[in-house]
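In: Fold the following for me, if possible:
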Amino acid sequence: MKKKIIQRVLIGLPAGITISYLITIGVSLTLATGSYYPCVPGLTERFGNEITAVVVQTLLSAILGAGFAASSLIWERDDWSILKQTGIYFAVVTPLMMLVAYVCEWMEHSVKGVISYFAIFLVIFVIVWLAQYLSWKKQIGKIDDRLHNQD
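Out: Prediction:
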(Lines give C-alpha, C1' and ligand atoms only; values in the text may rest on other atoms or scores of the structure.)
Protein backbone atom coordinates (compact mmCIF):
# COMPACT_ATOMS: atom_id res chain seq x y z
CA MET A 1 0.00 0.00 0.00
CA LYS A 2 2.84 2.42 0.85
CA LYS A 3 4.43 1.73 -2.51
CA LYS A 4 1.17 2.57 -4.31
CA ILE A 5 0.78 5.79 -2.32
CA ILE A 6 4.33 6.86 -3.18
CA GLN A 7 3.76 6.03 -6.86
CA ARG A 8 0.56 8.07 -6.93
CA VAL A 9 2.20 10.99 -5.15
CA LEU A 10 5.07 10.96 -7.64
CA ILE A 11 2.57 11.06 -10.51
CA GLY A 12 0.37 13.63 -8.79
CA LEU A 13 3.12 16.16 -8.05
CA PRO A 14 3.89 17.01 -11.70
CA ALA A 15 0.25 16.52 -12.70
CA GLY A 16 -0.84 19.18 -10.21
CA ILE A 17 1.78 21.60 -11.52
CA THR A 18 0.81 20.88 -15.14
CA ILE A 19 -2.90 21.39 -14.51
CA SER A 20 -2.24 24.61 -12.62
CA TYR A 21 -0.01 25.88 -15.41
CA LEU A 22 -2.60 25.01 -18.07
CA ILE A 23 -5.27 26.85 -16.07
CA THR A 24 -3.08 29.99 -15.99
CA ILE A 25 -2.71 29.77 -19.76
CA GLY A 26 -6.47 29.34 -20.13
CA VAL A 27 -7.18 32.31 -17.89
CA SER A 28 -4.65 34.42 -19.78
CA LEU A 29 -6.22 33.46 -23.11
CA THR A 30 -9.71 34.16 -21.78
CA LEU A 31 -8.73 37.65 -20.61
CA ALA A 32 -7.40 38.27 -24.14
CA THR A 33 -5.08 41.14 -23.22
CA GLY A 34 -2.02 39.56 -24.83
CA SER A 35 -0.38 39.16 -21.41
CA TYR A 36 0.35 36.04 -19.42
CA TYR A 37 -1.03 35.96 -15.88
CA PRO A 38 0.87 33.32 -13.87
CA CYS A 39 -1.14 33.96 -10.69
CA VAL A 40 -3.80 36.25 -9.30
CA PRO A 41 -2.69 39.78 -8.36
CA GLY A 42 -3.69 39.24 -4.72
CA LEU A 43 -1.14 36.43 -4.39
CA THR A 44 1.60 38.66 -5.79
CA GLU A 45 0.62 41.40 -3.33
CA ARG A 46 0.60 38.94 -0.41
CA PHE A 47 4.12 37.67 -1.15
CA GLY A 48 5.59 40.97 -2.34
CA ASN A 49 6.64 39.85 -5.79
CA GLU A 50 5.46 37.71 -8.66
CA ILE A 51 8.22 35.08 -8.57
CA THR A 52 7.62 34.21 -4.91
CA ALA A 53 3.87 34.06 -5.57
CA VAL A 54 4.40 31.75 -8.54
CA VAL A 55 6.74 29.48 -6.55
CA VAL A 56 4.20 29.23 -3.71
CA GLN A 57 1.38 28.52 -6.16
CA THR A 58 3.50 25.89 -7.92
CA LEU A 59 4.39 24.13 -4.67
CA LEU A 60 0.78 24.17 -3.48
CA SER A 61 -0.42 22.93 -6.88
CA ALA A 62 2.07 20.05 -6.62
CA ILE A 63 0.77 19.21 -3.14
CA LEU A 64 -2.80 19.41 -4.42
CA GLY A 65 -2.00 17.06 -7.31
CA ALA A 66 -0.24 14.65 -4.94
CA GLY A 67 -3.18 14.72 -2.54
CA PHE A 68 -5.73 14.00 -5.25
CA ALA A 69 -3.55 11.26 -6.74
CA ALA A 70 -2.87 9.52 -3.42
CA SER A 71 -6.54 9.82 -2.45
CA SER A 72 -7.53 8.03 -5.66
CA LEU A 73 -6.52 4.79 -3.93
CA ILE A 74 -9.80 5.11 -2.01
CA TRP A 75 -11.61 4.10 -5.21
CA GLU A 76 -9.72 0.80 -5.22
CA ARG A 77 -11.20 -0.37 -1.91
CA ASP A 78 -13.44 -3.22 -3.04
CA ASP A 79 -14.62 -3.83 0.51
CA TRP A 80 -16.21 -0.33 0.71
CA SER A 81 -19.51 0.72 -0.83
CA ILE A 82 -19.53 3.39 -3.51
CA LEU A 83 -21.21 5.70 -0.99
CA LYS A 84 -18.45 5.16 1.58
CA GLN A 85 -15.74 5.62 -1.06
CA THR A 86 -17.35 8.83 -2.31
CA GLY A 87 -17.87 10.23 1.18
CA ILE A 88 -14.33 9.52 2.34
CA TYR A 89 -12.76 10.75 -0.90
CA PHE A 90 -14.81 13.96 -0.75
CA ALA A 91 -13.92 14.43 2.93
CA VAL A 92 -10.21 14.09 2.12
CA VAL A 93 -9.92 16.18 -1.04
CA THR A 94 -12.31 19.00 -0.17
CA PRO A 95 -10.34 20.49 2.75
CA LEU A 96 -7.14 20.15 0.73
CA MET A 97 -8.69 21.90 -2.27
CA MET A 98 -10.27 24.63 -0.16
CA LEU A 99 -7.06 25.33 1.75
CA VAL A 100 -4.90 25.56 -1.37
CA ALA A 101 -7.51 27.68 -3.14
CA TYR A 102 -7.71 30.01 -0.16
CA VAL A 103 -3.94 30.42 0.21
CA CYS A 104 -3.46 30.87 -3.55
CA GLU A 105 -6.26 33.45 -3.57
CA TRP A 106 -8.26 31.51 -6.12
CA MET A 107 -11.32 32.51 -4.11
CA GLU A 108 -12.47 35.72 -2.53
CA HIS A 109 -11.50 35.84 1.15
CA SER A 110 -15.01 36.22 2.52
CA VAL A 111 -17.79 33.90 3.62
CA LYS A 112 -19.49 34.47 0.27
CA GLY A 113 -16.25 33.71 -1.58
CA VAL A 114 -15.63 30.48 0.33
CA ILE A 115 -19.23 29.32 -0.15
CA SER A 116 -19.14 30.20 -3.86
CA TYR A 117 -15.87 28.37 -4.41
CA PHE A 118 -17.14 25.35 -2.48
CA ALA A 119 -20.34 25.34 -4.57
CA ILE A 120 -18.32 25.39 -7.80
CA PHE A 121 -16.04 22.63 -6.49
CA LEU A 122 -19.07 20.56 -5.49
CA VAL A 123 -20.71 20.93 -8.92
CA ILE A 124 -17.47 19.92 -10.67
CA PHE A 125 -17.04 17.00 -8.24
CA VAL A 126 -20.57 15.74 -8.94
CA ILE A 127 -20.15 16.08 -12.73
CA VAL A 128 -16.84 14.20 -12.72
CA TRP A 129 -18.23 11.57 -10.33
CA LEU A 130 -21.30 11.00 -12.53
CA ALA A 131 -19.18 10.75 -15.69
CA GLN A 132 -16.89 8.20 -14.03
CA TYR A 133 -19.83 6.26 -12.61
CA LEU A 134 -21.60 6.07 -15.96
CA SER A 135 -18.37 5.08 -17.71
CA TRP A 136 -17.69 2.25 -15.25
CA LYS A 137 -21.31 1.13 -15.38
CA LYS A 138 -21.09 0.90 -19.17
CA GLN A 139 -17.80 -1.04 -19.00
CA ILE A 140 -19.20 -3.44 -16.41
CA GLY A 141 -22.28 -3.95 -18.60
CA LYS A 142 -20.06 -4.91 -21.55
CA ILE A 143 -18.10 -7.37 -19.42
CA ASP A 144 -21.34 -8.82 -18.07
CA ASP A 145 -22.70 -9.23 -21.61
CA ARG A 146 -19.53 -11.04 -22.73
CA LEU A 147 -19.72 -13.37 -19.74
CA HIS A 148 -23.37 -14.20 -20.43
CA ASN A 149 -22.71 -14.73 -24.15
CA GLN A 150 -20.01 -17.32 -23.41
CA ASP A 151 -22.60 -19.73 -21.96
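
In: Domain map for the protein?
Out: 2-106, 109-151 (automatic domain parsing).

In: Of those domains, flag the one that's most buried.
Out: Greatest average neighbour count among the domains of the chain goes to domain 2-106 (a mean of 15), per mean count of other CB atoms under 10 Å. In this view, the C-beta of every residue, glycine as well, is placed from N, C-alpha and C.

In: Mind pulling the model confidence for residue 141?
Out: Note on residue 141: pLDDT of 86.

In: I'd like to know which elements the helix or strand containing it is packed against.
Out: Element membership for residue 141 (DSSP states H and E) is helix 111-149. The contact analysis (3 or more CB pairs under 8 Å, 6 or more residues apart in numbering; DSSP states H and E) places helix 111-149 against helix 82-103.

In: about what we covered before: out of the domains of the chain, which gets the lowest mean score?
Out: domain 109-151 (a mean of 91).

In: Report the distance from it to the chain centre.
Out: Remark: domain 109-151 is offset 14 Å from the chain centroid, using CA atoms, centre = their mean, to the nearest Å.

In: try stretch 72-92
Out: Its chain's average C-alpha position is 16 Å from that of stretch 72-92, according to CA atoms, centre = their mean.
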